[in-house]
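Peer 1: just coords:
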Ligand code: SAM
């Protein structure tokens, strides 16, 4: 494809994939099929897009950069639709697909990857799976185990509702321009509530946020206003533990207890 004179834009997190082997590995991991509906976030110059088109799947591109979107405008048709939108505000459930069948793919702009993943998790009922290129550190956080430094809010909220499969590591040299950090591809499969289903997803989200804004504190202090020591102990959880040592299912139990007690979480802070 002719890229015109487009220069990579830092503000849109543009690091274009150029390594053909990595591109082939990602497309193999996604394994899009005819009849499926795939949303690609940030097609850019099309490193992944051409292979997705070739798969025969119906493809929806969400691209914020008008100059890059222009590369795709002329190729749109029934099987290739372009949404010149900010993915952070895009309603993925508006894409016509069988319920819960939308597949999402993206070499994501690193500066917005975490809020974008929370935005997608909120729409996960429409989504079958997601394949993302992210900073390796973010994939490490998603796949982390309790008691490790990587374990935090992102871990708990992703693992609460998704199966997390790290797929492949990608060095900086696979991109142009090369990013400063290593990258990795992860597959997230929503609908896997392996740790229990919270009575209030809202309470769980706010309790986990509150717990990890104060991760150096003991649970008793970190959850003040939500559950007291006795409430925490009654679940068989030691209130002296630190939030990062709790399993996802323990967070679900704490959330249910706070919900049952009618607790009102503290106001939402920044991500
Ligand atoms: N998929 C291409 C590739 O692998 O070479 C480009 C990946 S580049 C890391 C990120 C892409 O996301 C760029 O095309 C960029 O313009 C686009 N982008 C950045 N912010 C976006 C946003 N908020 N919504 C939609 N697309 C965005």
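Peer 2: Alright, I've got the coordinates. Computed from a predicted structure; not experimentally measured.

Peer 1: interface residues of the stretch 51-200 of the chain facing the ligand?
Peer 2: 62-65, 68, 86-88, 107, 109, 112 (Cβ under 6 Å from any ligand atom). From N, CA and C alone the C-beta is placed, and that goes for glycine too.

Peer 1: at 8 Å what do you get?
Peer 2: Within reach of the ligand by Cβ under 8 Å from any ligand atom, the stretch 51-200 of the chain has these residues: 62-65, 68, 85-88, 90, 106-112, 116, 133, 175.

Peer 1: give me the buried subset of those.
Peer 2: The neighbour count (16 or more other Cβ atoms under 10 Å) marks 62-65, 68, 87, 90, 106-110, 112, 116, 133, 175 as buried among those.

Peer 1: so what does residue 186 have for phi and psi?
Peer 2: phi -130, psi 150 (degrees, to the nearest 10).

Peer 1: I'd say it and residue 131 touch.
Peer 2: Yes: look at residue 186 against residue 131 with Cβ atoms under 8 Å: they come within range, at 7.4 Å.

Peer 1: what's the overlap in contacts for the two?
Peer 2: residue 167 (Cβ atoms under 8 Å, 6 or more residues apart in numbering).

Peer 1: what segments of the stretch 101-250 of the chain are helices?
Peer 2: In the stretch 101-250 of the chain, the helices defined using DSSP state H, counting those that start in this stretch lie at 113-121, 136-142, 153-161, 201-213, 219-222, 229-233, 248-260.

Peer 1: hmm, who's touching the fifth one?
Peer 2: The one in question is helix 219-222. Here helix 219-222 has contacts from 210-211, 214-215, 228-229, 232, 237-243, 246, using Cβ under 8 Å, 6+ apart.

Peer 1: could you redo the last one with a cut-off of 7 Å?
Peer 2: Helix 219-222 has contacts (Cβ atoms under 7 Å, 6 or more residues apart in numbering) with 210-211, 214, 229, 232, 239-243.

Peer 1: could you report the neighbour count for the closest residue to residue 243 other than its chain neighbours?
Peer 2: Among residues not flanking residue 243 along the chain, residue 211 sits closest, at 3.9 Å (Cβ to Cβ, 6 or more residues apart in numbering). Using other Cβ atoms under 10 Å, residue 211 is surrounded by 24 other residues.

Peer 1: same check, this time on the one 10 residues further on
Peer 2: Residues near residue 221, counting by other Cβ under 10 Å, number 14.

Peer 1: next one: the residue nearest to the spatial centre of the chain from residue 239, what distance?
Peer 2: The residue lying closest to the centre of the chain (Cα atoms, centre = their mean) is residue 117, at 2.8 Å. For residue 117, the distance to residue 239 (Cβ to Cβ, to the nearest Å) stands at 31 Å.

Peer 1: hang on, the earlier thing: can you say which of the helices of the stretch 101-250 of the chain is nearest to residue 18?
Peer 2: helix 136-142 (18.2 Å; Cβ to Cβ).
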